[in-house]
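Peer 1: sequence and predicted structure are below.
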Amino acid sequence: MAKKKWIACALITFVCIMISGCWDMRELQDRNFVLAVAIDKADDVKSVETFVQPHGSKRYRVSLQILKLSTGGDQKEESRTFIKSNTGESIFEMVRDMLGQSSKSLWFEHVQVIIISDAVLKEVDLGEILDFFKRDSEMRSRIKIYVTSGKARPIIEYSPPSKEPGGVYLANISRLHIKNIHVGGARTDLGYTIQYFYNKSNVLLPRIEMADKVVKLGGSAVFKKDKFIGYADDYAIAGLKMMLGTEKSAVVTIDSPKTPGHQIIFELFRHDTTLTPHVENGVIYFTDEISMYGNVGEIQGDISENDTMDPEFIRTLETAFAEEIKNNIYYADKIFKNEMRVDAISKFAAKLKAHEPDTWEQVKDHWDELYPTIPLYVSVNVTIRNIGSHK
Amino acid sequence: MAKLEAKIHMSEWQLAIVVFVTCIGAQIMLTPRGLIDQVKNGAWISVLMGGMYFYTATYFMLRLGKQYPDETIVEYAPRIFGRIGGGIVIFWFNFLFYMQVITIFYGVGRIITFYMFDRTPPEVVVLALLVVCTYCALQDWGTILRIQQFLFVIAYSILILVWLTSILNFQPENLLPLWPLDIKGVALGGFTTWGMYSGYECVLLLLPLVYRKVSLAKLAKTVGVAFVGLTIVFMLIIVLTIGVLTVEDAKNLPFPSLIVIRSVELPGTFLERLENYLLVTWIPVVFDTLAAMMFFMAEVCMRQWRYADHRPVLLMLVPIIYVGAMLIDNPQVGEILGKFTMWLGLTFSFGVVPMALLLAWWQKSKVGKDCG
């Protein structure tokens, strides 16, 4: 009996020792939190920051923005982050080699944004660049992806005046897309981009630019499947958002009908947008029915001329705003259909597939050629619900 | 005999809970990819049809059990199929549990090491879970049943709550076209859902605990409620997976359910990386399924070899389970084993059990005539 007790005690002690710690434990202060990633072409390879590659070439320069875990004493510091770079071809290999420049392991669970220079995208497909990020279990689905026409590294070097960590600041700009009609920020993160790839859809990613210490998001980089084909401007993105109904709020501007040369602004609060595919006698066309509700946001020019208490004036404004929205949508349609010849985020294809599956089966193999010939008919109805705090 | 909480009676609702809890296990993470790949947008219909198919199979089992209200399949199978035939059926029945258990252990080890403990070897994760499940399965049925009832209330409600956060990313249009073009494929896809519904076979062991007080009609109704619950949970998983990820995305992901939750961001809260929360709530769900199945395996062996206690048999089975789970060393082998187990299960449910029922009826009618 005593022997059994000894064995039981030994067993319990052994189990306690074995399970008392966490096998995967990594202390917070022993990690380098990566907040942003910049991918550029490796124009100038710095021999210190790179490594000998058995395969491939020095194709990319990958830079990581890492959070400084300061003790809180020094508040005068310029930036809360620092940058490490490496050049090579495999992103994973570069990241691992970067440990040669770091005293702590790199931790990707908090990556907020990936910025890619279009110089890279002109040579390599987006899917190839993102493979590492989609495969690694540390990455979040909601990492923002931006494209820039310049170099990406200076953007992640940018130190926000608000003293926020740069990666967080850059990611949060995109989150405001719901109020900024010029930014196509909805469903443009890593998770959705990968989803578009699997669905063989076209991709739009927000464009970010930096000049004179000003960083700004506006317009979109357009991809046919995962091939970069160019940029759509802010106005086209505004039209596209209203066409697809992805905007939450918007500001629409018209020239005042009563005081030409001065502007009147409509602030959109709510909309009801229905993009519907139709097939009649084998002919495909789409209708876009939009109802918008909002306020008069701003009136420039003589207020006595622009009398917002006059119902007839309000009706005139509603018609003018509806016309402007329609023009904006047709502008976006022209840009994507005639100039870029690409079904942006393949929304039209998705609608046809969902609502007319038989027709989709017939046209899916030559959809890219067919899409630019498919007409879109837009009808817009604007209702002004309020005129603001003053008449 | 040790001081175990021997159980000689169960209510019909307790049986329904056992069926529900045993069926919902690891497969909610492991199965959706294959099903969505096979039947695409029609996966939700396949789940619905699967519910009907496997309820029918369970109904056959209830009827078969009713023929021998005081016995389990281990006792009556040799009388129906003969000594050798009965032995094969009992082995088949137990082997089904074994295959499910090792596939689940393998899958859990893979998921946990990839998403939670990337530096822990899967062998260690599986070993730890095996130890806990063995401890539970070493108890008698009364204790295991209480654990199942407790987890039914706690673990499942939290799991479903975490899962429902994915509604934030749900896009109904991803489900369209709702009615698929390939009806035959969808109908056959119902059988592919066996991996989700499997576990209902346990009724063949538990019916003697219920039949002393409950009629077949009442039991069929109550077990039917369990199947309605199962179908709702599985539908919720499939519909939300497709609604969030699209068919094309989901079929390219080894564990789409985890990616669904990983995509959720709760703005303004400190909660993030919800897949970890899902995994934490999923582990007890897997634990009770595994513990119950291990108990059933030991119980079958105990009855077959006429032991008084299931515990020595269980301890003997533990290394066999561990080695079996460790032998599955890559996802391809896991997939092949999964398909093999599915066919084994389908043949058992729709071949062996109806045949046993017909033979039982025939044998009983013969006995009746001989007496008359």
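Peer 2: That came through fine.
Peer 1: which SS class is B:Pro177?
Peer 2: Recorded secondary structure, B:Pro177: coil (DSSP: H, G, I helix; E, B strand; the rest coil).
Peer 1: tell me the pLDDT at the nearest residue to it once chain neighbours are set aside?
Peer 2: Distances taken as Cβ to Cβ, 6 or more residues apart in numbering or on different chains put A:Pro357 closest to B:Pro177, at 4.4 Å, once the chain neighbours are dropped. In this view, the C-beta of every residue, glycine as well, is placed from N, C-alpha and C. Looking at A:Pro357, its pLDDT reads 90.
Peer 1: leaving out sequence neighbours, find the closest residue to the residue in chain B positioned nearest to chain A.
Peer 2: Residue nearest to chain A within chain B (Cβ to the nearest Cβ): B:Leu176, separated by 3.4 Å. Distances taken as Cβ to Cβ, 6+ apart put A:Ala354 closest to B:Leu176, at 3.4 Å, once the chain neighbours are dropped.
Peer 1: what parts of chain A come near chain B?
Peer 2: Contact residues, chain A versus chain B (Cβ under 8 Å from any Cβ of the partner chain): A:19, A:23-24, A:109, A:137, A:140-142, A:191, A:194-195, A:198-200, A:350-351, A:353-355, A:357-358, A:361.
Peer 1: can you map out the strands along chain A?
Peer 2: Taking DSSP state E, the strands of chain A run over residues A:31-41, A:60-67, A:81-88, A:105-107, A:113-117, A:144-148, A:203-211, A:214-224, A:227-232, A:250-255, A:263-280, A:283-299, A:376-386.
Peer 1: just send the ones you listed back as JSON lines, with mean pLDDT and mean neighbour count too.
Peer 2: Formatted as JSON lines, the strands of chain A follow (pLDDT from 0 to 100; neighbours: other Cβ atoms under 10 Å in any protein chain shown):
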{"stretch": "strand A:31-41", "mean pLDDT": "94", "mean neighbour count": "23"}
{"stretch": "strand A:60-67", "mean pLDDT": "95", "mean neighbour count": "26"}
{"stretch": "strand A:81-88", "mean pLDDT": "93", "mean neighbour count": "21"}
{"stretch": "strand A:105-107", "mean pLDDT": "91", "mean neighbour count": "15"}
{"stretch": "strand A:113-117", "mean pLDDT": "97", "mean neighbour count": "26"}
{"stretch": "strand A:144-148", "mean pLDDT": "96", "mean neighbour count": "25"}
{"stretch": "strand A:203-211", "mean pLDDT": "94", "mean neighbour count": "22"}
{"stretch": "strand A:214-224", "mean pLDDT": "94", "mean neighbour count": "20"}
{"stretch": "strand A:227-232", "mean pLDDT": "96", "mean neighbour count": "18"}
{"stretch": "strand A:250-255", "mean pLDDT": "93", "mean neighbour count": "18"}
{"stretch": "strand A:263-280", "mean pLDDT": "94", "mean neighbour count": "16"}
{"stretch": "strand A:283-299", "mean pLDDT": "94", "mean neighbour count": "17"}
{"stretch": "strand A:376-386", "mean pLDDT": "94", "mean neighbour count": "16"}
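Peer 1: tell me which of those strands lies nearest to B:Asn252.
Peer 2: Among the strands of chain A, the nearest to B:Asn252 by Cβ to Cβ is strand A:203-211 (16.2 Å).
Peer 1: what separates that closest one from the chain centre, distance-wise?
Peer 2: Centroid separation for strand A:203-211 versus its chain: 8 Å, with Cα atoms, centre = their mean, to the nearest Å.
Peer 1: helices or strands up against it?
Peer 2: strand A:144-148, helix A:153-157, helix A:166-175, helix A:190-198, strand A:214-224 (3 or more Cβ pairs under 8 Å, 6 or more residues apart in numbering or on different chains; DSSP states H and E).
Peer 1: of all the ones you listed, which one is nearest B:Leu327?
Peer 2: Among the helices and strands packed on strand A:203-211, helix A:190-198 comes nearest to B:Leu327, with 32.1 Å by Cβ to Cβ.
Peer 1: got the angle between the closest one and strand A:214-224?
Peer 2: Here helix A:190-198 runs at an angle of 20 degrees relative to strand A:214-224 (axes from the mean of the first three to the mean of the last three Cα atoms, to 10 degrees).
Peer 1: neighbouring contacts of helix A:190-198?
Peer 2: Helix A:190-198 has contacts (Cβ atoms under 8 Å, 6 or more residues apart in numbering or on different chains) with A:114, A:126-127, A:130, A:133-134, A:139-145, A:201-203, A:205, A:225-226, A:345-346, B:245-246, B:248-249, B:252, B:259, B:262-263.
Peer 1: what do you get for stretch A:304-323?
Peer 2: Contacts to stretch A:304-323, defined as Cβ under 8 Å, 6+ apart, come from residues A:252, A:254, A:256-259, A:264, A:266, A:292, A:296, A:299, A:380-384, A:387-388, A:391.
Peer 1: likewise stretch B:248-263?
Peer 2: A:140-142, A:191, A:194-195, A:198-200, B:28-30, B:32-33, B:36-37, B:40, B:111, B:115, B:162-163, B:165-166, B:169, B:237, B:240-242, B:244-245, B:273-275, B:277-279, B:331.
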